[in-house]
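1. Predicted coordinates and the sequence they were generated for:
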Amino acid sequence: LLIESGDHINGGEVYAEIEVMKMYMPLIATEDGIVHFIKQANSTLEAGDIIGILTLDDPSRVRHAIPFEGQFPTMNPPVIIGDKAHQRYYEVRNILECILDGYDNQAVLHSSVKELIELLRNQELPYLEFHSKVKKKVLEFPAENLKDLIENYSRDHVNSNDIANFEALIEPLIEIINKYISGLKFRKWSDIIYFLNKYHEIEVLFSDQAKREEEVIHSLREKYKDDLDKVISIVLSHSKVAAKNNLILYLLDQIKPAN
């Protein structure tokens, strides 16, 4: 480092040198501003590392991304979802997950939440989910009996060498059975808890009032420097926190006790 952290530098001046293959390469400031170093002198650098932050004298010199003004290519016909309870459930759940991931689906937020709650109360949902896997209709959905039946069959009739293959084969069925093992009401709570946890997973990263958002993002870049797509997905999700707040509040409105 050729200057101290917090010093002012002019555009075109060298602020540090790095050694690359036994040669020294100067690092030159492109704008006037104050340098705040993150890396210490003599640090080992890797691709994607942030050396420091330059606070510009003229913030208007920051280069912003330009909105795309071209035309998107012709899209293929939309996928036909279907109108059965389990098909609608997967579609509505995906819409709400996209909102929590930072995508703009505000126009259908309220209707999607209402439909989700209605679907989770639908007596046909567990059967349809299970039926989509086994293709054999039953009159009711005896989740606990089915689980006992599968476990007993595995214990009594499946060779120990084939247990791994058998468990992999029935895993999708066991997953559905476990969702409904305590009934439809428990399944509804589980789904709502899932959305609350998904919200908390991102927003807790930005909950420290003592840290600026930029500092949090820089920390994430350091933590996930080998997986910058994860950083992008976190930042995208947080950028739509207002929409996410609306979703969570509306979800809670649907389950709060009536006055």
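-> Thanks, I have it. Numbers count the residues shown, from 1 in each chain.
2. Would you mind listing where the stretch 51-200 of the chain has pLDDT under the threshold?
-> Counting by pLDDT under 70, the ranges of the stretch 51-200 of the chain that qualify are 77, 80, 134-143.
3. one more time with 80, if that's ok
-> The stretch 51-200 of the chain contains residues with pLDDT under 80 at 75-81, 130-170, 180-184.
4. show me where it has strands.
-> 52-56 (DSSP state E, counting those that start in this stretch).
5. What are the boundaries of the helices in it?
-> Under the criterion DSSP state H, counting those that start in this stretch, helices of the stretch 51-200 of the chain are mapped to 85-100, 109-120, 125-134, 143-157, 163-179, 184-203.
6. Out of those, which gets nearest to Glu215?
-> Distance to Glu215, taken as Cβ to Cβ, is lowest for helix 184-203 among the helices of the stretch 51-200 of the chain, at 15.9 Å. Where you see a C-beta, it was placed from the backbone N, CA and C, and this is true even at glycine.
7. any idea how far Glu46 lies from Val14?
-> Using Cβ to Cβ, to the nearest Å, Glu46 is found at 22 Å from Val14.
8. ok, those two, which is more surrounded?
-> Set Glu46 next to Val14 and count neighbours by other Cβ atoms under 10 Å: Val14 wins out with 12 against 8.
9. What does that one show for phi and psi?
-> Taking degrees, to the nearest 10, you get phi -90, psi 130 for the backbone angles of Val14.
10. Identify the spatial nearest neighbour of it, chain neighbours not counted.
-> Leaving aside its chain neighbours, Val14 sits nearest to Pro26 (4.4 Å; criterion: Cβ to Cβ, 6 or more residues apart in numbering).
11. Would it be right to say that that neighbour lies in a strand?
-> Yes. Checked against DSSP: H, G, I helix; E, B strand; the rest coil, Pro26 lies within a strand.
12. So the residue nearest the centre of the chain versus Ile81, what's the distance?
-> Against the mean C-alpha coordinate of the chain, by Cα atoms, centre = their mean, the closest residue is Asp101 at 5.1 Å. As for Asp101, its distance to Ile81 is 19 Å (criterion: Cβ to Cβ).
13. circling back: between the helices of the stretch 51-200 of the chain, which one is nearest to Ile18?
-> Nearest of the helices of the stretch 51-200 of the chain (Cβ to Cβ): helix 184-203, 34.2 Å.
14. and that closest one, C-alpha only, in CSV?
-> Extracted in CSV, the C-alpha atoms of helix 184-203 (Å, rounded to 0.1, in the frame of the first residue of the first chain):
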residue,chain,number,x,y,z
LEU,A,184,-54.2,-31.1,7.1
LYS,A,185,-54.0,-28.4,9.8
PHE,A,186,-50.4,-29.3,10.8
ARG,A,187,-49.5,-29.2,7.1
LYS,A,188,-50.9,-25.7,6.8
TRP,A,189,-48.8,-24.5,9.8
SER,A,190,-45.7,-26.2,8.3
ASP,A,191,-46.1,-24.3,5.0
ILE,A,192,-46.5,-21.0,6.8
ILE,A,193,-43.5,-21.7,9.0
TYR,A,194,-41.5,-22.5,5.8
PHE,A,195,-42.3,-19.0,4.3
LEU,A,196,-41.5,-17.3,7.6
ASN,A,197,-38.1,-19.1,7.8
LYS,A,198,-37.3,-18.3,4.2
TYR,A,199,-38.0,-14.6,4.9
HIS,A,200,-35.9,-14.6,8.1
GLU,A,201,-33.0,-16.4,6.5
ILE,A,202,-32.3,-13.4,4.3
GLU,A,203,-33.4,-10.5,6.4
